[in-house]
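J.: Structure, please.
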Amino acid sequence: MSAPTTAPVQRPDTPRPRPVGTVTAIRLVAQREFVTRTGDRSFLISTLVTVLIIVGVVVGPRIFGGGPASYDVAVAGDGAQALADAIEGTGRAMEVDVTAEAVTADRGAIADQVADGTYDAAVAGDEIVVDSELPTELETVLQQASRDVRIAAGLQEAGVPPEAVPQLLAPPPLTVSTLQEVDEEEASGTEGLAFFATFILYGQVLGYGFMVAGGVVEEKSTRVVEVLLSTLRPSQLLAGKIVGVGLVGLAQLLLLAVLALGTVLVTGLVELPPGAVPTIGMVFLWFLLGYAFYSCLFGVAGSLVSRQEELGNVTTPLMLLVLVGFFAAVGALNDPGSTLARVLSFVPPTAPMVMPVRVAFGEATVLEIVGAVLVTAVAAGLLVPLAGRLYTGAILRTSGRVKLAQAWRSGQEVAAD
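T.: Residues are numbered from 1 along each chain as shown. Here you go, the predicted model:
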């Protein structure tokens, strides 16, 4: 008797994850990145420290004193009163606060008074006595005043009338005629604003680019990326990460701008230059463009390694490239209308930091700004598919550092499948 046959058990197929649309995938990844990063303790601490630095820069000089130093000087010897008067007059001319007093003490007594802090310096005959170091501005005043007194004495001995001596010692200076009126205080404020904008852009682009790279390595080393890629394409994951981290950087930049402007307007301690609003607008625009350009490169760099310890090696060239842009912007501060500054404001790696400087000084035309924006935006757009291909080929390789050629070939194979 044969054994009864049983029909094979029909097991339902394991359900496969439903594919997620590109826009939805990028939005979900970006939302995850934004929530995770803004709730991170290191982000909150760094934001607080930056806020304190900005407030300190605005309020600190007025609270703790940032004005010019004042000096008390003793003068002894023949003609002490004349030299003391000359020292104070020279100090006023050079905008150095110096109070000079003629004394009858000998050198030893004067030295003791300098040592105990009664005087900052003393002139005894042909010698300047100080406790440790003579400030450069004070030395200039003392040397010039002594020189004038000795020249005046020599002129009087030569028979020059006393009333003619001051004109000989201080002839009227040459007049300066400018074709355009220049406000020195306004120019100084513009330069300070441009440098501050450059520094903020440098820190934001570098910091958040490195955050993208670090996030990629973290997901790769913990194998979280394997879970994510079960429902997402690699390009979607990279794009979502770039968008999410970029929104974090933009939110922090907006917070810092609001607090900085609020502190300036409420306290009234600093006067904003006329170009402040356009410059601040350029900072936001060029942060987005600079971040879009560099974040793709940092994302690829992070996908090439599997450990955080190796991240510094692959990101060093990118960090140096950002640093070149910063130094280019610092150079543009001295001559924003130079040919070099104009050229570098159209080169994508340096444009995000050079162009805001030229805008702050009013050296960039609307056509130049639009052209630089288009060039940088197109360059960032071209990097997106390139970075996506390299990221796709490297992200799942966990056996050591991946070379760019290997990542490119693997990316092509994945795309072909």
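J.: List the buried residues for stretch 246-261?
T.: By 16 or more other C-beta atoms under 10 Å, the buried positions in stretch 246-261 come out as 246-250, 252-253, 256-257, 259-260. For every residue, glycine as well, the C-beta is placed using N, CA and C.
J.: And stretch 47-58, by the same measure?
T.: Those would be 47, 50-51, 54, 58, for stretch 47-58 by 16+ other C-beta under 10 Å.
J.: same question, stretch 299-316
T.: 299-306, 310-311, 314-315.
J.: got it, and stretch 399-414?
T.: So for stretch 399-414, counting by 16+ other C-beta under 10 Å, buried means 402, 407-408, 410-411.
J.: JSON lines please, covering those residues and showing distance to residue 23 and secondary structure.
T.: As requested, these are arranged in JSON lines below (distance: C-beta to C-beta, whole Å; DSSP: H, G, I helix; E, B strand; the rest coil):
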{"residue": "402", "distance to residue 23": "29", "secondary structure": "coil"}
{"residue": "407", "distance to residue 23": "26", "secondary structure": "helix"}
{"residue": "408", "distance to residue 23": "27", "secondary structure": "helix"}
{"residue": "410", "distance to residue 23": "26", "secondary structure": "helix"}
{"residue": "411", "distance to residue 23": "22", "secondary structure": "helix"}
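J.: In JSON lines, list those residues along with pLDDT and distance to residue 129.
T.: Shown next, in JSON lines, are these (pLDDT from 0 to 100; distance: C-beta to C-beta, whole Å):
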{"residue": "402", "pLDDT": "80", "distance to residue 129": "69"}
{"residue": "407", "pLDDT": "78", "distance to residue 129": "71"}
{"residue": "408", "pLDDT": "81", "distance to residue 129": "73"}
{"residue": "410", "pLDDT": "78", "distance to residue 129": "76"}
{"residue": "411", "pLDDT": "72", "distance to residue 129": "75"}
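J.: Export those residues as a markdown table, with columns for distance to residue 128.
T.: Output for the buried residues of stretch 399-414, formatted as a markdown table (distance: C-beta to C-beta, whole Å):
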| residue | distance to residue 128 |
| --- | --- |
| 402 | 67 |
| 407 | 68 |
| 408 | 70 |
| 410 | 74 |
| 411 | 73 |
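J.: Show me the shaky parts of the stretch 251-400 of the chain.
T.: 267-275, 398 (pLDDT under 70).
J.: Which parts of it are helices?
T.: 276-303, 311-334, 339-344, 351-360, 366-394 (DSSP state H, counting those that start in this stretch).
J.: just the helices in the stretch 101-250 of the chain please.
T.: 107-115, 136-157, 165-169, 184-221, 224-228, 234-267.
J.: Tell me which of these lies nearest to residue 282.
T.: Checking the helices of the stretch 101-250 of the chain against residue 282 by C-beta to C-beta gives helix 184-221 as the closest, at 7.3 Å.
J.: which secondary structure elements does the closest one contact?
T.: helix 224-228, helix 234-267, helix 276-303, helix 311-334, helix 351-360 (3 or more C-beta pairs under 8 Å, 6 or more residues apart in numbering; DSSP states H and E).
J.: Now do it against helix 311-334, angle only.
T.: 170 degrees (axes from the mean of the first three to the mean of the last three C-alpha atoms, to 10 degrees).
J.: For helix 184-221, buried residues please.
T.: Going by neighbour count (16+ other C-beta under 10 Å), the buried part of helix 184-221 is 189-191, 193-194, 196-198, 200-202, 204-206, 208-217, 219-221.
J.: what are the bridge partners for the closest residue to residue 110 other than its chain neighbours, then?
T.: Nearest non-adjacent residue to residue 110, counting by C-beta to C-beta, 6 or more residues apart in numbering: residue 122, 4.4 Å away. When assigned by DSSP bridges, residue 122 has beta-bridge partners residue 74, residue 129.
J.: Distance check, residue 122 against residue 76.
T.: Distance, residue 122 to residue 76, using C-beta to C-beta, to the nearest Å: 7 Å.
J.: ok, now how distant is the closest residue to residue 282 other than its chain neighbours from residue 264?
T.: Among residues not flanking residue 282 along the chain, residue 356 sits closest, at 4.2 Å (C-beta to C-beta, 6+ apart). According to C-beta to C-beta, residue 356 and residue 264 sit 18 Å apart.
J.: Then residue 348?
T.: 32 Å.
J.: same deal with residue 37?
T.: 28 Å.
J.: If you count surrounding residues, which of the two has more?
T.: Using other C-beta atoms under 10 Å as the criterion, residue 37 and residue 264 rank with residue 37 on top: 20 against 17.
J.: which residues touch that one?
T.: 43, 211, 244-245, 248 (C-beta atoms under 8 Å, 6 or more residues apart in numbering).
J.: Of all the helices of the stretch 251-400 of the chain, which one is nearest residue 151?
T.: Nearest to residue 151, of all those, is helix 311-334, at 37.4 Å by C-beta to C-beta.
J.: Tell me what angle that closest one forms with helix 351-360.
T.: Going by the same axes, to 10 degrees, helix 311-334 makes 20 degrees with helix 351-360.
J.: Identify the residues contacting helix 311-334?
T.: Defining contact as C-beta under 8 Å, 6+ apart, one finds that helix 311-334 is touched by 191, 194-195, 198-199, 201-202, 205-206, 209-210, 213-214, 217, 290, 294, 297-298, 301-302, 304-305, 338, 340-341, 344-345, 349-350, 352-354, 356-358, 401.
J.: neighbours of the residue nearest to residue 98 when sequence neighbours are not counted, just the number please.
T.: Once flanking residues are discounted, residue 98 sits nearest to residue 91: 3.5 Å by C-beta to C-beta, 6+ apart. Using other C-beta under 10 Å, residue 91 has 24 other residues around it.
J.: roughly how far apart are residue 91 and residue 28?
T.: Going from residue 91 to residue 28 by C-beta to C-beta gives 68 Å.
J.: how about low-confidence regions in the stretch 101-250 of the chain?
T.: Along the stretch 101-250 of the chain, segments meeting pLDDT under 70 span 160, 162-190.
J.: Tell me if residue 100 really is in a strand.
T.: Yes: the assignment for residue 100 by DSSP: H, G, I helix; E, B strand; the rest coil puts it in a strand.
J.: Just give me the neighbour total for the residue nearest to residue 282.
T.: Counted with other C-beta under 10 Å, residue 356 comes out at 32.
J.: Just confirm residue 89 contacts residue 149, I think it does.
T.: No: Residue 89 is beyond contact range of residue 149, at 10.5 Å (criterion: C-beta atoms under 8 Å).
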